[in-house]
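Peer 1: Structure, please.
(chains A and B)
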2 protein chains.
Amino acid sequence: MSEFSIIDEFFKPLGLIGHSHSTDIGIGDDGAVISCPEGKKLVVVTDTLVEGVHFPLETSGYDIAWKALAVNLSDLAAMGAVPAFYTLCLSLPPRCADKSFLMDFAAGLKGLATKYGVPLVGGDTTKSDRLTLTVSAHGWVDSAKVLRRDAAKVGDKIYVSGNIGDGALALQALLKKYDAALVSSTVFDKFYRPEPRVKLGLMLGDIANAAIDISDGFIADLEHILLASNVSAEVDYAAMPFSDSMKQYLQEIDNPWLPLTGGDDYELCFTLPVSQITAFESAINKEDLGVPVRSIGTIVPREESGVIWKNAPELVESISAKGYEHF
Amino acid sequence: MSEFSIIDEFFKPLGLIGHSHSTDIGIGDDGAVISCPEGKKLVVVTDTLVEGVHFPLETSGYDIAWKALAVNLSDLAAMGAVPAFYTLCLSLPPRCADKSFLMDFAAGLKGLATKYGVPLVGGDTTKSDRLTLTVSAHGWVDSAKVLRRDAAKVGDKIYVSGNIGDGALALQALLKKYDAALVSSTVFDKFYRPEPRVKLGLMLGDIANAAIDISDGFIADLEHILLASNVSAEVDYAAMPFSDSMKQYLQEIDNPWLPLTGGDDYELCFTLPVSQITAFESAINKEDLGVPVRSIGTIVPREESGVIWKNAPELVESISAKGYEHF
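Peer 2: Below is the predicted model:
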């Protein structure tokens, strides 16, 4: 297959998904040309996945593609943006440059892209010996609704969506450090096909002070908010939302910080001023977000330590390593 | 070095280059937030470079970075867009995750980005065992000035900028298929530090019918215009602009199609309606484009063959392979 037959057969159809009325030129020119909705800001996010680093080698094409798009839509959600379109750069090893892999891969992109109505507008396909994908997703946001990291205020309540740590638990099982039979399929689903919290992000635009998506581990990502906002946080360990599989893991294995330092959650962490809590709770009761949210702490004035834990197991030095470190 | 110290030390300063007044939020949040100039279309381009595929392993960090940004600015030029900002996703093998490489790399980005006033607004840094870079560059264009591939018209004159084939010649020398001592340093410079033809692209917006950047080889890229526009082209081989080194190569080696099928030119190929030629020639006489342009052929009604050659060496079957094939 040539680069151009790959594009024609597998990628061009993905350009027809969703609100392509804003795409003046899509796949097939030197670049895409996009109409900007009046009065909106453009949000640009980008993330790379490398096989063996971000997903196991045996991951299906469907799941790899899903995840590559999902982690980017998760970043858009954390900015409060409406997803609009994306590009994909794909470096393919020989084993992946075949029809069955690419068909499965395109189906994964189609599955998630259709859910959020986002067309593929361009990209690049090259060869490599290691499957590497870079998605850049673009969205639109009202200026007043941008969710920043640096705007948490003392007194804000801190929330997280979903369960925290399931990505890390799935990885423990995949690395054979924990019995996979004890881990529910929903935990693996979350690792392979995370659901970006787009609806939640859009709702938060009006009411949250700060938000981030949890991708490097809860503590590391909360620390990003705290440092950028020059505040600290009191967090109640006992309030952290863990799945049943995670609760069982924590009973059996003495590793209480795994769920808070492992990556791959793709949940949102956000801070709400107390004045907005009633509005927020009535909003989430009215609208189905598809994911629960839970209050887990409070923003406090900056102290030496970013996070002050309550009801927590003894702190070990290594948890200050804070999430996944690449180098 | 952690991912975050790499970002702080080497990449954050690149966010301060150029017209960052349009960057509401740059590096350091989940995504960048950009103000869209009123009435403009957004142009998005993206290209990946992989070590050993797109550049030799021994290429300096400076040149790798320059090229990664240059090939994207070249795509923007081919769309007639004003470069605005870019993102960078970097997968680093251990040997590159050190200060001296990254300092050199950042200097290369700074060198080219400063020339065009484009800030880095975001990206991702991951580990890999093969240096892989994806840049996504963004620009703005007036709707009426978009340069498309699919708008060449019968009767248009076909032009190219610069010399064609120097990238391919440099590669022959680097692969030790030709004596590097016979190749001038400007040819190697062009391979390592291509100059995107931004000024030319902007000038063409008002007058050209179609344009493309020559990255996969002249014939392959001209064919993209021809197919998309449903036309053919009469091209005069004797009019093709070759450097002195290339002319010497062609005298010594019986490989007349190398310059027209090799990649890495990053020149523009464009078609002008005859009615615009006087305006175009007076414009290029007034303004210094930094590169010569030459008329090399004419658009004709679609025939079986895309390109009809005049004054050409005997055609060999293999030139229909048309440019670099990845798979």
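
Peer 1: what are the ranges of the strands in the stretch 101-250 of chain A?
Peer 2: Along the stretch 101-250 of chain A, counting by DSSP state E, counting those that start in this stretch, strands occupy A:120-127, A:132-142, A:157-161, A:210-214, A:231-236.

Peer 1: buried set for the fourth one?
Peer 2: Neighbour counts over strand A:210-214 (16 or more other CB atoms under 10 Å in any protein chain shown) mark A:210-214 as buried. C-beta coordinates here come from the backbone N, C-alpha and C atoms, glycine included.

Peer 1: which residues does A:Phe242 contact?
Peer 2: A:163-165, A:250, A:259 (CB atoms under 8 Å, 6 or more residues apart in numbering or on different chains).

Peer 1: Select from those residues the one having the most neighbours.
Peer 2: A:Gly165 (30 neighbours; other CB atoms under 10 Å in any protein chain shown).

Peer 1: Distance check, it against chain B.
Peer 2: 20 Å (CB to the nearest CB, to the nearest Å).

Peer 1: cool, and A:Leu200?
Peer 2: With CB to the nearest CB as the criterion, A:Leu200 and chain B are 14 Å apart.

Peer 1: And A:Glu223, by the same measure?
Peer 2: Distance from A:Glu223 to chain B, by CB to the nearest CB: 10 Å.

Peer 1: Wait, that residue touches A:Gly306, no?
Peer 2: Yes. Using CB atoms under 8 Å, A:Glu223 is in contact with A:Gly306, at 4.8 Å.

Peer 1: list the residues that contact both of those two?
Peer 2: Joint contacts of A:Glu223 and A:Gly306 (CB under 8 Å, 6+ apart) do not exist.

Peer 1: Can you report how many residues lie near A:Ala239?
Peer 2: Neighbours of A:Ala239 using other CB under 10 Å come to 14.

Peer 1: Quickly list the domain ranges of chain A.
Peer 2: What automatic domain parsing lists as the domains of chain A is A:3-145, A:157-321.

Peer 1: Quick one: mean pLDDT over the first one.
Peer 2: The predicted model assigns domain A:3-145 a mean pLDDT of 94.

Peer 1: what about it, start to end distance?
Peer 2: 40 Å (CA to CA, to the nearest Å).

Peer 1: How far does that domain sit from its chain's centre?
Peer 2: 14 Å (CA atoms, centre = their mean, to the nearest Å).

Peer 1: what sits against A:Asp166?
Peer 2: Per CB under 8 Å, 6+ apart, neighbours of A:Asp166: A:186-187, A:190-191, A:243, A:245-246, A:259, A:265.

Peer 1: filter the residues you listed to the buried ones?
Peer 2: Applying 16+ other CB under 10 Å to these flags A:187, A:190-191, A:243, A:245-246, A:259, A:265 as buried.

Peer 1: List, out of these, those positioned next to chain B.
Peer 2: Of the residues in the buried ones among the contacts of A:Asp166, proximity to chain B by CB under 8 Å from any CB of the partner chain holds for none.

Peer 1: Can you show me the helices along chain A?
Peer 2: A:3-6, A:61-78, A:99-116, A:166-174, A:185-192, A:198-204, A:218-229, A:244-252, A:258-261, A:277-286 (DSSP state H).

Peer 1: before we move on, back to that, could you dump the buried ones among the contacts of A:Asp166 to JSON lines with distance to B:Ala239?
Peer 2: JSON lines is the format used below for the buried ones among the contacts of A:Asp166 (distance: CB to CB, whole Å):
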{"residue": "A:Val187", "distance to B:Ala239": "65"}
{"residue": "A:Lys190", "distance to B:Ala239": "61"}
{"residue": "A:Phe191", "distance to B:Ala239": "58"}
{"residue": "A:Ser243", "distance to B:Ala239": "69"}
{"residue": "A:Ser245", "distance to B:Ala239": "70"}
{"residue": "A:Met246", "distance to B:Ala239": "70"}
{"residue": "A:Pro259", "distance to B:Ala239": "68"}
{"residue": "A:Asp265", "distance to B:Ala239": "60"}
